[in-house]
Each structure stands twice: as structure tokens, then as C-alpha cells.
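Participant: Structure for this input, please:
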Amino acid sequence: MELELIQRAVPVLLKGLGVTALLTGVSVLVGFNLGLGLALMRLSENRFLSGFAKYYSTVFRGTPLLVQLFLFYYGLGQLSFIKNSEMAWWVISDGTRCAIMALALNTAAYTSEILRGGLMSVPAGLVEAAQAAGMSRFLRFRRIQFPLAIRQALPAYGNELVLTVKGTSLASTITVLEITGYAKRLMSQTFAIFEVFAIAGALYLIINLVLITLVRMLEAHLMRHQARSR
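Facilitator: Numbering: from 1, shown residues only. Down below sits the predicted model:
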């Protein structure tokens with residue numbers, strides 16, 4: 001790999017790093033909150049809410065993210081009521097905003113299943129004890145159910161964060177210039193396919209290593225009481 005090519009490629013690919021971070025950050029933020037809501041709906045005794053969350057998860061987890069991106073970016077723009085809605089058209093007409101929406105809706109489906117598993121792992125006795133102590137439903141959730149569920153779900157959710165970062169590379173297919181988008185442009189200019197995408201892959205690897213480290217640090221912080229009791 002030529003040093004001159006590296007010196008040319010790295011600054012170009014770093015331009016896409018900010019967009020990749022934006023896609024990941026906003027989609028994870030929206031997706032986590034939406035996924036939490038879906039997880040609670042799935043555990044609800046209301047059959048309509050539970051059914052909606054179940055089918056939502058099935059559809060988004062059962063279809064490829066690339067297909068979802070194409071449907072949102074190219075498909076929804078063909079519908080007249082989307083064109084007539086200023087808010088909907090504002091989202092669909094821009095590749096970055098559309099990619100964030102698709103990534104957020106996709107990760108929400110996986111997050112809902114991860115959080116549902118975490119919430120189901122909370123011992124029923126703890127919830128019953130809190131209820132007997134007079135805690136409201138919201139207070140029980142905030143102080144007992146959610147913290148315990150997060151501890152159980154965090155390892156699996158860390159994997160979902162990594163998958164979301166890798167999923168941002170598909171945004172290049174709808175004209176978004178993130179890391180992969182700039183790599184494609186640079187490849188067409190230099191014809192150095194292996195070198196360019198090796199550097200792009202290294203950038204994704206660095207991002208994911210940082211994320212994994214942060215998740216492990218958070219996991220260690222949440223489990224510190226167990227380490228002290230040993």
C-alpha cells in the first residue's frame with residue numbers, strides 16, 4: 001500500500017466519519033426510545049398494543065435493511081400523500097434524514113426484543129415487593145425494573161450498536177456521503193479498490209472498538225456492586 005495513497009485517502013474518508021457518527025448517534029437515540037416503548041407494548045396485557053409491537057418487530061427484523069432503505073427513499077416518494085405532506089417529504093427527500101429514519105426504525109425492532117428479554121428477566125418477587133411497599137407503576141419501573149433490565153440487556157445491546165454502525169454503510173446506496181460513500185468516490189478516482197476499502201474498514205473497526213470499550217465500561221460500572229461482594 002503506497003504511502004501517497006494513504007495520505008490522500010485518509011483525509012477524504014475522515015470527511016465521512018462525521019456523517020457516520022451522525023447516522024449512528026441519532027438513529028440509536030431515536031431507536032432506543034422507540035424500542036423501549038415497543039418492548040413495554042409487547043409486555044402489555046392490551047392485545048392490540050402487544051400485537052402491533054410483535055408485528056412491527058417481525059417486519060423490520062425479517063426484511064433486509066437495504067430493502068427498507070430503498071422502500072423509504074425511492075418508494076415512499078412515489079406516494080401522493082407523502083409528497084403533499086411537508087413533514088414527510090422533508091424526511092424522505094434528503095438521503096441523510098431518510099437513512100436516519102430507516103436505521104432508527106430498524107434498530108428499534110431489535111432493541112425492543114433485547115429490552116423485552118431484559119424486562120422479563122427481572123424477578124417477579126422484586127416487583128411484587130415494590131408494589132406492596134406502595135410504589136407507583138412508574139416508580140417501580142424507574143427504580144427497579146429498568147435498571148435491572150439494562151444490566152441484563154447491555155451485552156446484547158452492545159452487539160446491536162456495532163450492527164448499527166455497520167448498517168450505516170448502506171446509506172451510501174441512497175447518495176449519502178459517509179465513510180463508504182467517500183470510499184466509493186475515491187475508488188472511482190484512484191482505482192485502488194483494495195487499499196481504499198481496507199482503510200475504510202479500519203475506520204469502522206476503530207469506531208466499533210471504541211463503542212465496545214464504552215459498553216464494557218458501562219457494564220462494569222453497573223455491575224460494580226457484584227464485584228465488591230466477592
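Participant: Over to Ser136: give its phi and psi.
Facilitator: With angles defined as degrees, to the nearest 10, Ser136 shows backbone torsions of phi -70, psi 170.
Participant: do you know how far it is from Met41?
Facilitator: With the distance defined as Cβ to Cβ, to the nearest Å, Ser136 ends up 20 Å from Met41. For every residue, glycine as well, the C-beta is placed using N, CA and C.
Participant: More neighbours: the two, which one.
Facilitator: Neighbour comparison, Ser136 and Met41: the larger count goes to Met41, with 19 against 10 (by other Cβ atoms under 10 Å).
Participant: For the strand or helix carrying the more buried one, list every residue counted as buried.
Facilitator: For Met41, the enclosing helix or strand under DSSP states H and E is helix 3-42. By neighbour count, and taking 16 or more other Cβ atoms under 10 Å as the criterion, the buried residues in helix 3-42 are 8-9, 12-13, 16-17, 19-20, 22-24, 26-28, 30-32, 34-36, 38-42.
Participant: Next: stretch 186-196.
Facilitator: Neighbour-count burial for stretch 186-196 [16+ other Cβ under 10 Å]: Leu186, Met187, Ala192, Glu195, Val196.
Participant: check which helix or strand covers the fourth one.
Facilitator: Spelled out, it's Glu195. Per DSSP H and E: Glu195 is located in helix 193-222.
Participant: burial of Thr213, as a residue count?
Facilitator: Close neighbours of Thr213, defined as other Cβ under 10 Å, add up to 10.
Participant: typo on my end, Arg185
Facilitator: Look at Arg185: counted by other Cβ under 10 Å, it has 16 neighbours.
Participant: cool, Leu177 as well?
Facilitator: By other Cβ under 10 Å, neighbour count at Leu177 equals 17.
Participant: list the contacts for it?
Facilitator: Taking Cβ atoms under 8 Å, 6 or more residues apart in numbering as the definition of contact, the neighbours of Leu177 are Lys15, Gly16, Val19, Arg185.
Participant: make it 7 Å
Facilitator: Listed by Cβ atoms under 7 Å, 6 or more residues apart in numbering, the contact partners of Leu177 are Gly16, Val19.
Participant: Over to it. Which of the three states is it?
Facilitator: Secondary structure state of Leu177, per DSSP: H, G, I helix; E, B strand; the rest coil, is coil.
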